[in-house]
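S.K.: any chance you can model this:
(one chain, ligands or ions: 1)
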Amino acid sequence: MNSTYTAVSLVLAIGLWFIHAQRAKRRLLPGPPRLPFIGSALYMPTRRPWLVFSEWDKTYGGIFQLDVLGKSIVVINSLKIAKDLLDKRSSIYSDRPHAIMAGDLNESIGFSKSLGFLPYGDTWRKQRRIVIQNFTPSMVPKYHALQEKEAATLVKNVLEDPDTLRKELHFRIGVIILRATYGYYVTSPDDYILQLGRKGIECFSRTSAPGRYLVDMIPALQYLPSWMPGADFLKEAAEMRTLLHEVANAPYHWCKSNLDNGKTLMPNLCGTIIQNTEEEELKEVQHNVIWGAVSMLGGGLDTNVSTALSFVMAMILHPEIQKKAQAELDAVVGKERLPLISDRANMPYVRRIMAETLRWGPPAPLSLPHAVSEDDVYEGYYIPKGTLVLPNIWHMLHDPEVYPNPAQFNPDRFATDEDVSKTQELAFGFGRRICPGMHFAEGSLFAIIATMLATCDILPGLDAQGREVMPECVYTSGTVVLPEAFGVRLRARSKVVVGLLDEASAVPPE
Ligand code: HEM
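M.R.: Sure thing, here's the model as predicted:
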């Protein structure tokens, strides 16, 4: 009797433990209310979601979940949790969400082939290896002269006409990326290949905006006949397919066909690979070179422009910070030459300004979405396979516990060089998907920041009555965000610097 009783109790205990374990495994993360069928769709913010998610930190904490029409979305506000999942469990948190509009509907030649969108796996690994080899910390110095020349030309042109700041930034950043990726030196803002790149970015912003296309929520819509009312997105997808084919192929084939006649400036990402690869082997890798290269072009355009604009806004608001940086620049560089990227090591304050700019206005506030490739459990909460994960970089960089008074632009907040690097790195994402262009971007940004500060005082724009107008520091909404329009004036610090800028911008491209 006793042994039967013990055996039954044991079985019951195991059963209960099993049920409890299963329940615990399925425990859902907190989040806004979920309604039948639509889940928390009504709560999904569409404008500047990073700010809303940041507010929700008070209610739901550092990690929470939304269910939008059956799609599970996890938002991470806590840096520790982001590191636990995206860094330490990167083998299952490095996928990208399966996109229909930007992916399947462009199947043969669309975004789904490019590094930023590729699912985690062999093709992604090969493409990433191809691009990263040209942008490692030891490789990027070969582009410093290019970045310095373009920074000087930018400042020279904006000094002449401050209203061109934004346009000139888009142009110069485009010149830098196209030169480094394809050996193609752009000489006009209306250049065909540069314009193609911009159109590619617009396409990306449109198709990657969460919730913009119903087909991403209800994939079956992709099978609608194209003549049906409401199926306009199919026509749009077909047009994008044609455009993206051109965006990716035109600069690559220009680079390849001009290698022998010397028009392709070397070194550059595609040219170096083409030169070092046998024709037969190139046929195999060409597809990945084309799509890896165009991802670098896309990844490097607006992110840099956004950071440079944030820097200018911060400087308008803080003349005292400009003065302090100028004192450092004058001491290290003197007044007879322009700063070089190699001066960076001797300029702790300018380095702090750059890190503070990336903290204050991170260009990709929700990073690029990651996706989970296997079911997972974190601290007892169940995170299903396929969940889209949004690390709220903006919140992490505005956490008052780490950055007191976070809205204040304050380069002095960093106690050590390690704090500077950690903060800066955070703006570039996480784990295996961390931005492959970060070392390259740091060069362009440092060149722009240091050159502008060394040569100019950065002043607020004026209204029609001649009164100074301070920037409002509002950003657009999207995956990569830009400060909204603001006015600026630049005043040359001396006649000598104007001559130095003229000289530097007249150096022939190489
Ligand atoms: C201020 C400058 C930049 C910032 C703040 C930035 C930020 C980011 C972020 C947050 C991601 C997503 C990382 C993740 O998924 O965890 C990313 C990805 C990426 N970035 Fe950047 N980026 C910058 C400049 C550049 C430049 C200059 C290039 C190219 C030359 C570039 C190319 C890419 C590519 C190709 C990806 C996709 C990587 C992948 O999915 O494996 N970015 N970047």
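S.K.: nearest residue to V289 other than its sequence neighbours?
M.R.: In space, and not counting its chain neighbours, V289 is closest to I273: 5.4 Å by C-beta to C-beta, 6 or more residues apart in numbering. No exception for glycine: its C-beta is placed from N, CA and C like everyone else's.
S.K.: spell out which parts of the chain neighbour the ligand.
M.R.: On the criterion C-beta under 6 Å from any ligand atom, the ligand has as its neighbours in the chain the residues 115-116, 128, 177, 295-296, 299-300, 303-304, 307, 363-364, 367-368, 370, 427-430, 433-437, 440-441.
S.K.: the same query, at a cut-off of 5 Å, please.
M.R.: Residues of the chain lying close to the ligand (C-beta under 5 Å from any ligand atom) are 115-116, 295-296, 299-300, 303, 307, 363-364, 367-368, 427-430, 433, 435, 437, 440-441.
S.K.: name the helix or strand for whichever residue of the stretch 151-300 of the chain sits closest to the ligand, please.
M.R.: Sorted by distance to the ligand under C-beta to the nearest ligand atom, the residues of the stretch 151-300 of the chain start with G299, at 2.4 Å. For G299, the enclosing helix or strand under DSSP states H and E is helix 279-317.
S.K.: before we move on, what about M396?
M.R.: Here M396, judged by DSSP H and E, is contained in helix 393-397.
S.K.: avg pLDDT for that helix?
M.R.: For helix 393-397, the mean per-residue pLDDT is 98.
S.K.: what's the answer for stretch 150-159, then?
M.R.: Mean pLDDT, computed over stretch 150-159, is 98.
S.K.: ok, residues contacting it?
M.R.: Applying C-beta atoms under 8 Å, 6 or more residues apart in numbering, the external contacts of stretch 150-159 come out as 164-165, 168-169, 172-173, 175-176, 338, 444, 447-448, 450-452, 455-456, 490, 492, 498, 500-502, 504-505.
S.K.: what about 7 Å?
M.R.: Applying C-beta atoms under 7 Å, 6 or more residues apart in numbering, the external contacts of stretch 150-159 come out as 164-165, 168-169, 172, 175-176, 338, 447-448, 451-452, 455-456, 490, 492, 501-502, 504-505.
S.K.: now which of the residues you listed would you call buried?
M.R.: Buried members of those, scored by 16 or more other C-beta atoms under 10 Å, are 165, 168-169, 172, 175-176, 338, 447-448, 451-452, 455-456, 490, 492, 501, 504-505.
S.K.: mind checking which of those residues land in helices?
M.R.: For the buried ones among the contacts of stretch 150-159, the ones inside helices are 165, 168-169, 172, 175-176, 447-448, 451-452, 455, 501, 504-505, with DSSP state H as the criterion.
S.K.: one step back: and the helix holding G299, which residues are buried?
M.R.: 285-286, 288-316.
S.K.: name the helices or strands packed onto the helix or strand that it is followed by?
M.R.: Of the helices and strands lying after helix 279-317 in sequence (DSSP H and E), the nearest is helix 319-333. Using 3 or more C-beta pairs under 7 Å, 6 or more residues apart in numbering; DSSP states H and E as the contact test, the elements touching helix 319-333 are helix 348-360, helix 438-455.
S.K.: quick one: helix 319-333 to helix 438-455, angle?
M.R.: Helix 319-333 and helix 438-455 meet at an angle of 100 degrees, taking axes from the mean of the first three to the mean of the last three C-alpha atoms, to 10 degrees as the criterion.
S.K.: hmm, back to that, the residue nearest to V289 against G292, yeah?
M.R.: No. The pair formed by I273 and G292 falls short of the contact definition of C-beta atoms under 7 Å, at 9.2 Å.
S.K.: which single residue in the stretch 1-150 of the chain comes nearest to the ligand?
M.R.: The stretch 1-150 of the chain approaches the ligand most closely through G116 (3.7 Å), counting by C-beta to the nearest ligand atom.
S.K.: surely P33 meets S40?
M.R.: Yes. The pair formed by P33 and S40 meets the contact definition of C-beta under 7 Å, at 6.5 Å.
S.K.: so which of these two has more stuff around it?
M.R.: When P33 and S40 are compared for neighbours, S40 comes out ahead with 18 against 8, by other C-beta atoms under 10 Å.
S.K.: and that one, what does it touch?
M.R.: S40 makes contact with G31, P32, P33, R34, L66, D67, V68, according to C-beta under 7 Å, 6+ apart.
S.K.: from those residues, which land in strands?
M.R.: L66, D67, V68 (DSSP state E).
S.K.: nearest to A231, of the residues you listed?
M.R.: Using C-beta to C-beta, V68 is the member of the ones in strands among the contacts of S40 that sits closest to A231, with 22.0 Å.
S.K.: that closest one contacts T46, correct?
M.R.: No. In this structure V68 lies outside contact range of T46 using C-beta under 7 Å: 11.3 Å.
S.K.: more neighbours, those two?
M.R.: Set side by side, V68 and T46 show more neighbours around V68, with 20 against 11, by other C-beta under 10 Å.
S.K.: quick check: closest non-adjacent residue to that one.
M.R.: Ranked by C-beta to C-beta, 6+ apart and with sequence neighbours excluded, the top spatial neighbour of V68 is A41, at 4.7 Å.
S.K.: okay, the one you found: pLDDT?
M.R.: At A41, the predicted lDDT confidence score is 89.
S.K.: ok, it touching L69?
M.R.: Yes. With contacts counted by C-beta under 7 Å, A41 reaches L69, the gap being 5.7 Å.
S.K.: coming back round to it: pick the one among the ones in helices among the buried ones among the contacts of stretch 150-159 closest to Y192.
M.R.: Minimum separation from Y192 among these (C-beta to C-beta) is found for V175, which lies at 14.1 Å.
S.K.: okay then, goodbye and thanks.
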